[in-house]
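> Quick one: sequence and predicted model below, then my questions.
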Amino acid sequence: MANISYTSDAPCGPLLLSTGSVDATGSYVFEVNPQAVEKGGGRVSEYWQVGAGTYTMYSVWNPTAQPKDLMITIFFEPGGVYRYPLHLEANASVMISMLELVRKGDEDAEGHMIPANTRMGSLKIAGTSPDIRDLVTFVVSAGIAQFCGNPCPTGSQGASGGTGTVIKAQITAARVASDVISTPLGPTSLSGTFNLWLRGSGVSDWYAVQSASRSGASYNDSFNLSTSTPAGNYATIYASWATPNLDVITTYNYTMDSLGKTHHSQYNTPYESQCSGSQVTAYIITNLSQCYGSVKTTTLKSDFSSQVTTNGTGASLRWNIVKAINATSCIGAGGAPSGANSSNTFVQVSSITGACNLTPTTSTVAAYHHACSQQIFIAHYGQPGTIKTVVDECPRCSTDPPHYDNYSTSQACSAFAVGDLPPTGYFETVLSPQ
């Protein structure tokens, strides 16, 4: 970046000036308005923006022989203010990228942050003195870098870095269940720093996915999910490519509801054959539609009876699959024989089903306050991860949310004999993966 100053003794009016910004090749990029060097109380930019295909940059120059201390004040909706000091040595200048300020998410001295979803605002640059009579000399120029959004219109796939050159940084596809974000960069003759990150609706909902030096080519990046991925509702993927010619940024609308570090335990169907308790009296309803009109008195092992009452369904030795009466439509029905109650009465059923009346498999889970048929993606349980479906209720999952119980086909008397999902029991988990 260079700054040029000159003086003229021509009368006001005859002199017409025009200046512009050029890239590394000398090609014109955007207009820069020439300004008079004079003392003032400050400068105000009524509008800056990030996103929607553009982002605003400012050049601040100290044209004097003495150092200057300035205060940058950024205003954004709704009612936000962000301040930071700027020190310029004699004849020094600096570029301010609104994109970088929003992207960094740093706190100012008063603990304020610019939210990640901020798209526009205004800016004021002034001296640090509280006395408005203390004038300061500096020059501010603003420019707008334009980039192509997603998808790109035909014939305009990036930002122009000079006549005949189109620089592109696109996101063409993203799918967390496949763990891939596709980003073509071009042309192949250029290289620069590439960054990929996810942004959400909250101030803290951002996650850096990739940062690397790259030449123009097509890339497939991982979401890089782990148990340290911040929980949050992500809505946008950003990609930037800083080439010597131009910094290009693009966005891709993509929803990802990350639960962050999630406990994954396992449960199984209790099998009476694996139990060792003494025999106790039990009542078996053999026809669900008749309830107590088709009840049989029998015995079951005590530990099996307790496990089925607690967990809903079990495999008995003599009655095949039985379900606790509390988990059926017969709960509260009249005509119960003397001695029958909710802890010793069961309904004979044709198959093992969960609270959603769906058959649990190794591809299903139970959840507290379950949402039937909701899908989750368990990152790195398998590669790149595993999608499972909610079919059952998990009361114990309420104690340490987020927590899911994964169904196991292991045969044991206890419904929780298997332990946590290997190897650690904790995985980054995404709701309703796309």
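Received, thanks. Keep in mind the model is a prediction, meaning the values are calculated, not measured. Numbers count the residues shown, from 1 in each chain.
> name the element Asp392 belongs to?
If you go by DSSP states H and E, Asp392 is part of strand 385-393.
> May I ask which helix or strand encompasses the nearest residue to Leu288 once chain neighbours are set aside?
Spatial nearest neighbour of Leu288, chain neighbours left out: Val347 (5.6 Å); criterion: Cβ to Cβ, 6 or more residues apart in numbering. Any C-beta I mention is one placed from the backbone N, CA and C, and that applies to glycine too. Taking DSSP H and E as the definition, Val347 sits inside strand 345-348.
> Can you name the next helix or strand after that strand?
Strand 345-348 is succeeded, C-terminally, by strand 364-367 (DSSP H and E).
> now for that following strand, which elements pack on it?
strand 385-393, strand 403-412 (3 or more Cβ pairs under 8 Å, 6 or more residues apart in numbering; DSSP states H and E).
> out of those strands, nearest to Ser305?
strand 403-412 (15.4 Å; Cβ to Cβ).
> which outside residues touch the strand holding Asp392?
With contacts defined as Cβ atoms under 8 Å, 6 or more residues apart in numbering, strand 385-393 is touched by 177, 179, 225, 312, 353-356, 358-360, 363-379, 404-407, 427, 433.
> what bridges to Asn220?
Ser182 (DSSP bridges).
> Can you give me the pLDDT of it?
The per-residue pLDDT reported for Asn220 equals 97.
> so what's it up against?
So Asn220 contacts 180-183 (Cβ under 8 Å, 6+ apart).
> Give me the buried positions along stretch 393-404.
Buried residues in stretch 393-404, defined by neighbour count with 16 or more other Cβ atoms under 10 Å: 393-394, 397, 402-404.
> Over to stretch 125-142?
Residues 125-127, 136, 138-142 are the ones in stretch 125-142 that count as buried (16+ other Cβ under 10 Å).
> separation between Ile352 and Thr364?
As judged by Cβ to Cβ, to the nearest Å, Ile352 and Thr364 stand 11 Å apart.
> Neighbour count: these two, which is higher?
Using other Cβ atoms under 10 Å, the more surrounded residue of Ile352 and Thr364 is Thr364, with 20 against 17.
> in the stretch 51-200 of the chain, which spans are helices?
Here the stretch 51-200 of the chain has its helices, by DSSP state H, counting those that start in this stretch, at 98-104.
> And the strands in the stretch 51-200 of the chain, which stretches?
54-61, 68-76, 80-88, 93-97, 120-127, 136-137, 139-146, 159-160, 166-169, 173-175, 180-186, 191-200 (DSSP state E, counting those that start in this stretch).
> hmm, I was thinking of the stretch 201-350 of the chain
206-215, 218-221, 232-242, 247-270, 279-285, 295-301, 313-315, 321-324, 345-348.
> which of those is buried the deepest?
A comparison of the strands of the stretch 201-350 of the chain by mean neighbour count, using mean count of other Cβ atoms under 10 Å, puts strand 345-348 on top with a mean of 24.
> what does the average pLDDT come to for that strand?
Across strand 345-348, pLDDT averages out at 97.
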